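A.B. asks: I would like the atomic coordinates for the input below:
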Amino acid sequence: MRNKFQQMSLTDIYQSVEKCLENNKPELFKLLDEHLDWDEIIPESFVHAFYQHFGRDRKYHLESFMRGLFLQRIFHYVEDSQLLNTLRYSQEMRSFCGFDKVPDASKLTRFKQDFGYHIRAVFEHLVDITEPICREMDAALADMLVFDTTGIESYVAENNPKFAAAKAKQAKAYAKIDPTFDPNIGKTAFMPEFAASNPAVKQQYINGHFCYAQKAAVVTNGLGIVRHLELFDEDFKKQHPEMQIEKRPNCPEIDKEVGDSTALKPALLDFRAAHPTFRYSVFSADSAFDSYDNYTFLMKDYRFSKVVIPINPRNSVPNTDTHFNEYGIPLCPRDGIPFLFHSKCGGKNRSIRFKFICPKTQWMRTDKGISRRCFCDNPCSDSVYGKCVYIYPNKNLRLYPGLTRDSDEFAAIYNRRTAVERSIYTLKDTLGLSSRKTSNVLTTKADLFLAGIVQLLCVLLADKLNDAKLARRPRRLIA
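C.D. replies: Here you go, the predicted model:
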């Protein structure tokens, strides 16, 4: 009779336990261990700075902090205590992060504040790594930059609804004294310009409501994958004095508009300094960035071939030229019908020109081939081809930013601007950036770049798994 018992060596026992632990590891941790190389992700300068700071006797490792903060964003743990409590009760998570002992909350905060510069370096390194991946996903959309600003609301008393209600009550009381005072409009005059606990948290008008937030810029490509992040803190303003703008509390919407327009150039200059080899052909932003100086900078200095920014009527002088409409399209001198865009001509030795033709011309086959003929009853030109108008766009880059404003191409490119809005939503809502209970500038800045790091790590995973949808859906990783 065969003996059903078998003696096991210490090696067999170890291998059996190791196999059991590996089989019981959550699929997410298996996926991350298999496809993410943290030695490649974390720059050597960060490693050197971290271990130089803490010395040889270190209880927690750099990679452990980065893994833990990555899981905090993926699992939407808006408070550090949520992450730390999960680490205490989850052996699998502690093993994945490499924590022999769970750190306290102050360790995480000090890590963010002491190494914020290096956390940004990790983000910029990932931008370099993911750029060729984006080009492979969709070359046309990856060749587009989309710019927008947002506000990261802080955990301050001024953001409490009771605070706003108290100011509204104060405005109504003042309206009883002064009947000409509108409490609904004038209540903002009773609100302070910045939070009492942190002057860096300033009054903003974001997404249709007033709040106290720290302003940031988000730059993505046409795919909605973040390419650059910038927090407009005091250090940034010192490096770019042109950011200093006088406060005009009577019109907060225009304050935001002017701030956006002014922020564009310094933010893009920092982006180019961080990635000098990157080149893009198309730029898109909303009408808040409509400025004559911005078009000159984008097309002549930054070398975008097309800039898609809708015209902001508040930045426009009333059109008194009856030969052109508000989009710079020539009009028929007889009946005011807009001319049709025909082609873009010019080249190496000639200035670029836009050719517009009479809207009443048609293509016809003749003995000499196919040519145009004008069928206007009251022609404004003696030419049988009809009147042609040539526009030199370099004379007015705002009206002619590399393409005509009334074209289908302009509309199609502008529709892709929603990519940056979806990316902002992912950073603030999905990855918990807007729900943090802090107002500290250094912590906010680190959290901003950590959220960007998580999004870019999803791009790496999407490339490894050949699933492009994961690049823009971080929460699907934990499904």
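A.B. asks: Just checking: what are the partner strands of the longest strand along the chain?
C.D. replies: The longest strand of the chain (DSSP state E) is strand 209-221. According to DSSP bridges, strand 209-221 has the following sheet partners: strand 144-153 (antiparallel), strand 202-206 (antiparallel), strand 226-231 (antiparallel).
A.B. asks: Okay, buried residues for it please.
C.D. replies: Residues of strand 209-221 classed as buried by neighbour count (16 or more other Cβ atoms under 10 Å): 210-221. Placement of C-beta: from N, CA and C, glycine included.
A.B. asks: if you average pLDDT over stretch 138-149, what comes out?
C.D. replies: Per-region confidence: stretch 138-149 scores 95 on mean pLDDT.
A.B. asks: With stretch 370-378 instead?
C.D. replies: On average, stretch 370-378 scores 77.
A.B. asks: That stretch: end-to-end distance?
C.D. replies: 24 Å (Cα to Cα, to the nearest Å).
A.B. asks: Touching that stretch from outside, list them.
C.D. replies: Applying Cβ atoms under 8 Å, 6 or more residues apart in numbering, the contact partners of stretch 370-378 are 334, 357-358, 360-364, 381, 383-387.
A.B. asks: Output these as TSV; include the columns distance to S291 and neighbour count.
C.D. replies: Below are the contacts of stretch 370-378 laid out as TSV (distance: Cβ to Cβ, whole Å; neighbours: other Cβ atoms under 10 Å):
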residue	distance to S291	neighbour count
R334	35	14
I357	31	19
C358	34	26
K360	37	19
T361	36	22
Q362	40	10
W363	40	8
M364	45	11
S381	37	13
S383	39	13
V384	43	11
Y385	38	13
G386	36	21
K387	33	21
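A.B. asks: Please give me every residue in contact with the residue nearest to the spatial centre of the chain.
C.D. replies: The C-alpha lying nearest the average C-alpha coordinate of the chain belongs to V218 (Cα atoms, centre = their mean; 2.6 Å). Counting by Cβ under 8 Å, 6+ apart, V218 makes contact with 147-150, 226, 228-229, 420, 423-424, 427.
A.B. asks: List the contacts of F341.
C.D. replies: 329, 354-356, 404, 406-407.
A.B. asks: Kindly report the same for L298.
C.D. replies: Shown in contact with L298 (Cβ under 8 Å, 6+ apart): 268, 283, 304, 307, 401.
A.B. asks: 7 Å instead, please
C.D. replies: 283, 304, 307 (Cβ atoms under 7 Å, 6 or more residues apart in numbering).
A.B. asks: Tell me the pLDDT of the closest residue in space to the last one that isn't next to it in sequence.
C.D. replies: For V307, ignoring the flanking residues on the chain, the nearest one in space by Cβ to Cβ, 6 or more residues apart in numbering is P401 at 3.9 Å. Predicted confidence (pLDDT) at P401: the value is 91.
A.B. asks: go on, F181?
C.D. replies: pLDDT, F181: 80.
A.B. asks: now do I119
C.D. replies: pLDDT at I119 comes out at 97.
A.B. asks: give me the low-pLDDT residue ranges for the stretch 151-300 of the chain?
C.D. replies: Counting by pLDDT under 70, the stretch 151-300 of the chain shows low-confidence ranges at 243-259.
A.B. asks: secondary structure class for the nearest residue to R476 once chain neighbours are set aside?
C.D. replies: Once flanking residues are discounted, R476 sits nearest to L470: 5.9 Å by Cβ to Cβ, 6+ apart. Classification of L470 by DSSP: H, G, I helix; E, B strand; the rest coil places it in helix.
A.B. asks: residue contacts, L470?
C.D. replies: Shown in contact with L470 (Cβ under 7 Å, 6+ apart): 458, 461-462, 476-477.
A.B. asks: what about Y385, is that helix, strand or coil?
C.D. replies: With three-state DSSP as the basis, Y385 sits in coil.
A.B. asks: Give me the phi and psi for it.
C.D. replies: Main-chain dihedrals, Y385, degrees, to the nearest 10: phi -80, psi -10.
A.B. asks: Residue numbering should commence at 808 henceforth.
C.D. replies: Will do, 808 is the new start, and the previous item becomes Y1192.
A.B. asks: how near is it to R1179?
C.D. replies: Separation of Y1192 from R1179 (Cβ to Cβ, to the nearest Å): 5 Å.
A.B. asks: any residues in contact with both of those two?
C.D. replies: The contact lists of Y1192 and R1179 share T1168, where a contact means Cβ under 7 Å, 6+ apart.
A.B. asks: still on that earlier bit, dump the longest strand of the chain to PDB, restricted to CA.
C.D. replies: Extracted C-alpha coordinates of strand 1016-1028, given in PDB (Å, rounded to 0.1, in the frame of the first residue of the first chain):
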ATOM      1  CA  HIS A1016     -19.600  79.700  -8.100                       C
ATOM      2  CA  PHE A1017     -17.400  81.600  -5.600                       C
ATOM      3  CA  CYS A1018     -14.900  79.600  -3.500                       C
ATOM      4  CA  TYR A1019     -11.500  79.900  -1.900                       C
ATOM      5  CA  ALA A1020      -8.900  77.900  -3.900                       C
ATOM      6  CA  GLN A1021      -5.400  77.700  -5.100                       C
ATOM      7  CA  LYS A1022      -5.200  78.300  -8.900                       C
ATOM      8  CA  ALA A1023      -3.400  75.800 -11.200                       C
ATOM      9  CA  ALA A1024      -2.900  75.200 -14.900                       C
ATOM     10  CA  VAL A1025      -3.500  71.900 -16.600                       C
ATOM     11  CA  VAL A1026      -2.100  71.200 -20.100                       C
ATOM     12  CA  THR A1027      -3.100  68.000 -21.900                       C
ATOM     13  CA  ASN A1028      -2.900  66.700 -25.400                       C
END
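A.B. asks: Can you get me the centre-to-centre distance for that strand and its chain?
C.D. replies: The chain centre lies 9 Å from the centre of strand 1016-1028; the measure is Cα atoms, centre = their mean, to the nearest Å.
A.B. asks: Of all the helix elements in the chain, which one is longest?
C.D. replies: helix 1248-1272 (DSSP state H).
A.B. asks: which parts of it are buried?
C.D. replies: Here helix 1248-1272 shows 1248-1270 as buried, counting by 16+ other Cβ under 10 Å.
A.B. asks: Likewise for stretch 839-853?
C.D. replies: Buried residues in stretch 839-853, counting neighbours by 16+ other Cβ under 10 Å, are found at 839, 845, 848-849, 853.
A.B. asks: I'd like the average pLDDT over it.
C.D. replies: Stretch 839-853 comes out at a mean pLDDT of 91.
A.B. asks: What's the end-to-end length of it?
C.D. replies: With Cα to Cα as the measure, the first residue of stretch 839-853 is 21 Å from its last.
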